[in-house]
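**Student:** here is my input, please return the structure:
(chains A and B, ligands or ions: 1)
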Amino acid sequence: MSDRGGVVAAATGAEALSTELPVGRSAGWWGMVMFVATEATLFACLLGSYFYLRFQYGPTWPPAGIEAPKLLTPLVMTAVLVPSSLPVVWAERGIRQGQRWRLQSGLAATMVLGVTFLALQASEYAEKLTQFTMTTDAYGSLFYLITGFHGLHVMVGLTMIGWLLAASLRGGSFGSHRHERVRNAAMYWHFVDLVWVAILFTIYLSPRL
Amino acid sequence: MSTTTTPPPGVSAQDLARLAEHWAERPSLRGWFSTVDHKRIGRRYLVTAGFFFVLAGLSALVMRTQLARPEAGVVSPQEYNQLFSMHGTAMIFLFATPMLFGFGNFLVPLMIGSRDMAFPRLNAFGYWVFLFAGLFMWASLPFGAAPNNGWFAYAPLNQEQHNPGLHMDVYALGLLFLGISTTAASINFIVTALKLRAPGMSLNRVPLFVWAIVATAFMVIFALPALNADNLMLFLDRRFGTHFFDPSAGGNVLLWQHLFWIFGHPDVYIIVMPALGIVSAVLPAFTRRGVVGYPLIVLSIVSISIISFGVWVHHMFATGLPQLSYSFFSAASTIITIPSGIQIFAWLATMLLGRLVLRVPLLFVIGFVVTFVLGGFTGAMFAVTAFDQQVTDSYFVVAHFHYVLIGGAVFPMLAGIYYWLPKITGRMYHERLGRWAFWLVFAGMHVTFFPMHLYGLFGMPRRVYTYRSEPGWDGWNLVSTLGSYLLAVGLLLVLVGVVHAVRRGRPAPPDPWEGDSLEWSTASPPEPYNFPALPRVHSLHPAWDERTAESLGAGATADRILSDGRRTLVTSELDAHPERAVQMPESTLKPLVLAGALLIFFTSMLLAWYPAAAVAALAVVATIAVWLWPPRRPDEELGVTG
Ligand code: HEM
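**Tutor:** I've put the predicted structure just below:
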């Protein structure tokens, strides 16, 4: 990109530097909030479908032949995923003060936790698939759709985090004046965590109530 | 074609030259595909949605030709099923909402005094997805594989074992694909209206059309996921053997209906609300006064958008199960009566208190009031349960919802087309041609659909490809068919009028109507940067207000001219206090590439080429990653300390 009509001068002039500091919410922030809102509604519809089919089905749930989900793995998964938001918060705070090392190490820690979660989910699937699959009955369909769809979201979140990490390692990407992308990805990650709590309650805990 | 030649006093010729340089998009093939200008994108939405309207309208003409006489053989039953399903689906999803979003795209930035939408590249992406999704769905018709299960695609008839072939896969995937576009556009509208309003345009000065578009966008954000979840499960059921809607394995057919109507109840308002916004935007220019009761109208817009979700919940509380036989349109129109009644009375009061200027846009507004009120009247009749059960699934229902949809959406759109044509094309339309078009459309509409009330009452069911000769059916069906040809001629005249205006219309002045909102303070058509100086808004009718005009001319200051770069102003959400100037993105091909990758993904899913789908999905991820990759900046500018 060539310097057309003093863009660089404008970007580094006194006005630009003073207005670079965040004032109010940015458009990107609102965009992410709306995106998360619509995604959350999508999950609400899926979880609502779960309860609808469950209560229309009858007294035994899961249906005969499928045992109620065990709690150990999902609880461990929760213990891995929910705290994974903390390093993101720490990283975001760091880059707001211009500390790139905090951004990088925080994101890396979250990556590790997120990948662990997916590995645990894979091992859980390996066990469940011997018992029932997506095509066994409506319960199986719901179980794999909801947990799988969430797993996909974790993957998307991890892609975002890996992408931020790569951009940060290249250098020249984020600093105390420029961290919007970090904040938006962080918001998405927190959302993925919260949805997991709703799923834990719906899929794993509610059949035991 | 621009008509402003002398620069306004506050903006120097040098500023104008710089603005032109930063915002211009070179007229080349690449420029055509890579544009992010909201005006060009808005125009494309309008043209594309108009094209899908023509296709859906031609489908309707074929149906009417088939039904003109008893036991005709123009189309087979299977073809008829596809025709009415595609007609309904396309009219609702590919015509009504995108057309109104086209108006929104063109107008919202102009009305709020900004230089573009908040996310211009996302905007371009939304358009391409809409285009591709529309073509994806229509392309199935020549192959005889179009959706064939009505526009609401009830289970269990939508299931593989009852409905083999690709028909309903096209429906599920097509609507999922399209949903990406609708959601992206809605997010863009909300953020644009929140953050890019000109300084001084506090919430109580936001034009009613913008209110309507934003309320619609909020409804989309919270309603569309239900449809998406539904279609996702439908596709999984059909293709991968899940059992969501399969009662023999713990599923439930009613789940489809529930999710569909959670979306469907708000959807009627999603279609009608922005159209009502057009009415509120058109009226001031032709009554020479502001719309009566601005706060009441805003309140009714906001309450409609909230109540529209409550309707469904209320259904659930009251009956445990919604009465599904009860036509959705009837329920919607019954409830919509109160807040939209407020709006109707506000418009009537505006017309009574104002001085009417009877031009074509106002004619269409009056046509709208008459038709829409009749549709609302038959809607209220459904509230009588005994009556409802008598006419459910008859042509009475078809008559009713066409009165609501053509009256409530098509007439306002036509008013909008004539009203904003000078702004969009820079040319005036031919007034007499426009009048002819109005009277033909109005007469055609009533001659087509009024008789449907009658033969509906005489017992003719909807969605039948033919009928035996029955007393009262034959003659009125013929009348309906003749009316639909009349309507088609009228709509053709609208098209002729538009082409005529573009080709040889008289050049339009910036403000041919002496309208009240900010789009009339720009050139016709507007320059790529919209406003040489962003306005400072001082009232609800900025174009009628001396001080706002002053801020665009002699009072223009550098912080609102922003000629050093491709920039616009961001303001605070409620009061529109200036916050900072932001850099806007340049034109780019990435939105098109991303939409293309998605098209390949959905087509491969449809044809069960899963490896190709996986590659396309990777291409989607890669394109997004490249799209958002941050440019490299020096550390001092970023503010890095460690
Ligand atoms: C332009 C003139 C139009 C004509 C002549 C027309 C004609 C028809 C006819 C004859 C049917 C009934 C088919 C049947 O039940 O067998 C129908 C259904 C329908 N129309 Fe229209 N229509 C027109 C415009 C529109 C518009 C503008 C909309 C919406 C914005 C619309 C939405 C629908 C819907 C949703 C259905 C129901 C499809 C179904 O049963 O699944 N129509 N139309």
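**Student:** how close does residue B:233 get to chain A?
**Tutor:** Shown here: residue B:233 relative to chain A, a distance of 7 Å by Cβ to the nearest Cβ, to the nearest Å. Backbone N, C-alpha and C define where each C-beta goes, glycine included.
**Student:** pick out the residue of chain A closest to the ligand.
**Tutor:** Of all residues in chain A, residue A:45 sits closest to the ligand, at 22.7 Å by Cβ to the nearest ligand atom.
**Student:** go ahead and confirm that residue touches residue B:229.
**Tutor:** Yes - Residue A:45 lies in contact with residue B:229 (Cβ atoms under 8 Å); the separation is 4.0 Å.
**Student:** so what sits against both of those two?
**Tutor:** The overlap between the contact sets of residue A:45 and residue B:229 (Cβ atoms under 8 Å, 6 or more residues apart in numbering or on different chains) consists of residue B:259.
**Student:** the two: who's more crowded?
**Tutor:** residue B:229 (26 against 22; other Cβ atoms under 10 Å in any protein chain shown).
**Student:** state the helix or strand in which that one lies.
**Tutor:** In this assignment (DSSP states H and E), residue B:229 forms part of helix B:208-240.
**Student:** the host helix or strand of residue B:568: partners in the sheet, and parallel or antiparallel?
**Tutor:** Taking DSSP H and E as the definition, one finds residue B:568 inside strand B:567-571. The strands that strand B:567-571 pairs with in its sheet are strand B:578-583 (antiparallel) (by DSSP bridges).
**Student:** contacting residues around the next helix-or-strand element following the partner strand?
**Tutor:** Once the chain leaves strand B:578-583, the next helix or strand it forms, by DSSP H and E, is helix B:590-606. With Cβ under 8 Å, 6+ apart as the test, helix B:590-606 has contacts from B:33-34, B:36, B:121-122, B:124-125, B:128-129, B:131-133, B:136, B:166, B:169-170, B:173-174, B:176-177, B:180, B:235, B:610, B:612-613, B:616-617, B:619-620, B:623-624, B:626-627.
**Student:** if you set the cut-off to 7 Å instead, what comes out?
**Tutor:** B:33, B:121, B:124-125, B:128-129, B:132, B:136, B:166, B:169-170, B:173, B:177, B:180, B:612-613, B:616-617, B:619-620, B:623-624, B:627 (Cβ atoms under 7 Å, 6 or more residues apart in numbering or on different chains).
**Student:** need the buried ones from those residues selected in ChimeraX.
**Tutor:** Written as a ChimeraX command, the selection of buried residues from the contacts of helix B:590-606, which uses 16 or more other Cβ atoms under 10 Å in any protein chain shown, is:
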select /B:121,124,125,128,129,132,136,166,169,170,173,177,180,613,616,617,619,620,623,624,627
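**Student:** now, which of the contacts of helix B:590-606 lie close to chain A?
**Tutor:** Taking Cβ under 7 Å from any Cβ of the partner chain as the test, chain A is in contact with none of these.
**Student:** give me the subset of the contacts of helix B:590-606 lying in helices.
**Tutor:** By the criterion of DSSP state H, membership of the contacts of helix B:590-606 in helices covers B:33, B:121, B:124-125, B:128-129, B:132, B:136, B:169-170, B:173, B:177, B:180, B:612-613, B:616-617, B:619-620, B:623-624, B:627.
**Student:** ok, back up a step: I'd say the residue of chain A closest to the ligand and residue B:226 touch.
**Tutor:** Yes - Residue A:45 is within contact range of residue B:226, at 4.9 Å (criterion: Cβ atoms under 7 Å).
**Student:** between those two, what contacts are shared?
**Tutor:** Counting by Cβ under 7 Å, 6+ apart, the residues touching both residue A:45 and residue B:226 are residue B:259.
**Student:** for residue A:165, which non-adjacent residue is spatially closest?
**Tutor:** residue A:107 (4.6 Å; Cβ to Cβ, 6 or more residues apart in numbering or on different chains).
**Student:** three-state assignment of that neighbour?
**Tutor:** With DSSP: H, G, I helix; E, B strand; the rest coil as the basis, the three-state label of residue A:107 is helix.
**Student:** list the residues that contact it.
**Tutor:** Taking Cβ under 7 Å, 6+ apart as the test, what residue A:107 contacts is A:91, A:161, A:164-165.
**Student:** mind doing that once more with 10 Å?
**Tutor:** A:87-88, A:90-92, A:95, A:160-166, A:168-169, A:182, A:185-186, A:189 (Cβ atoms under 10 Å, 6 or more residues apart in numbering or on different chains).
**Student:** repeat that for residue B:198.
**Tutor:** So residue B:198 contacts B:111-114, B:205, B:518, B:531, B:534-537, B:542, B:548, B:551-552, B:560, B:568-569, B:571, B:576, B:578 (Cβ under 10 Å, 6+ apart).
**Student:** so it, which of the three states?
**Tutor:** Relying on three-state DSSP, one would call residue B:198 coil.
**Student:** now do it, the pLDDT please.
**Tutor:** Predicted confidence (pLDDT) for residue B:198: 96.
**Student:** the nearest residue to residue B:195 once chain neighbours are set aside: neighbouring residues, count only.
**Tutor:** In space, and not counting its chain neighbours, residue B:195 is closest to residue A:27: 4.7 Å by Cβ to Cβ, 6+ apart. Counted by other Cβ under 10 Å, the residues lying close to residue A:27 total 19.
**Student:** what's the spacing between the closest residue to chain A within the stretch 1-150 of chain B and the ligand?
**Tutor:** Nearest residue of the stretch 1-150 of chain B to chain A, counting by Cβ to the nearest Cβ: residue B:118, 4.4 Å away. As for residue B:118, its distance to the ligand is 28 Å (criterion: Cβ to the nearest ligand atom, to the nearest Å).
**Student:** that residue belongs to a helix?
**Tutor:** No - read with three-state DSSP, residue B:118 is coil and lies in no helix.
**Student:** so it sits right up against residue B:193, yeah?
**Tutor:** Yes - applying Cβ atoms under 10 Å as the test, residue B:118 and residue B:193 come out as touching, 8.7 Å apart.
**Student:** tell me the confidence at residue B:418?
**Tutor:** 97.
**Student:** what does residue A:25 give?
**Tutor:** Residue A:25 carries a pLDDT score of 88 in this model.
**Student:** the residue in the stretch 351-500 of chain B that the ligand sits nearest to: neighbouring residues, count only.
**Tutor:** Proximity of the stretch 351-500 of chain B to the ligand (Cβ to the nearest ligand atom) peaks at residue B:462, 3.5 Å away. Residues near residue B:462, counting by other Cβ under 10 Å, number 16.
**Student:** surely it meets residue B:397?
**Tutor:** Yes - using Cβ under 10 Å, residue B:462 is in contact with residue B:397, at 6.3 Å.
**Student:** quick one: low-confidence parts of the chain?
**Tutor:** In the absence of a named chain, this looks at chain A. A:1-23 (pLDDT under 70).
**Student:** that's the wrong chain, I meant chain B
**Tutor:** In chain B, residues with pLDDT under 70: B:1-9, B:310-336, B:383, B:642.
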